[in-house]
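S.K.: The amino acid sequence is not available; the structure is as follows:
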């Protein structure tokens, strides 16, 4: 089952979805690291001395990972990073909900748009984890640069 050739065709739109989400999410954070740092600080999870590092580095990791998964380059490593980030984001959202925080998730430009964290926000991030895990588990010969360069 894991070697089925159809997995690459199922995984391709999933990879494009995941990559698109991560590429869309990173631009505002890259352009406004100060606002993203404030969003991170609001969660109260990250130690104060790490907040600015997270605010600067994480959006670039999202950009690189989004590009890799879309291009099908180092696809399984990118899927692993996407899965880890989505899990981390989901846990942070659950903690924020448990604390009763009335803030945006910081996912896109949500704090500025007035979007607050709800259980639906957690469901959205958790739902994105499923295609990431599919790509990680089953996309052994992805349609993309990995396949071209492996010939």
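M.R.: Received the coordinates, thanks. Remember, predicted model here, so these are calculated numbers, not experimental data. Residues are numbered from 1 along each chain as shown.

S.K.: give me the number of residues near residue 85?
M.R.: 20 (other C-beta atoms under 10 Å). All C-beta spots, glycine's among them, are computed from the backbone N, C-alpha and C.

S.K.: And for the helix or strand hosting it, what's in contact with it?
M.R.: Using DSSP states H and E, residue 85 sits within helix 75-99. Defining contact as C-beta atoms under 8 Å, 6 or more residues apart in numbering, one finds that helix 75-99 is touched by 15, 18, 22, 43-45, 61-62, 65, 68-69, 103, 105, 107, 117-119, 121-122, 125-126, 128-129, 132-133, 135-136, 139-140, 142, 144, 146.

S.K.: And it, what's buried?
M.R.: 75-76, 78-83, 85-86, 89-90, 92-94, 96 (16 or more other C-beta atoms under 10 Å).

S.K.: So residue 106: helix, strand or coil?
M.R.: Following DSSP: H, G, I helix; E, B strand; the rest coil, we place residue 106 in the coil state.

S.K.: And residue 135, by the same measure?
M.R.: Here residue 135 takes the helix state, with states given by three-state DSSP.
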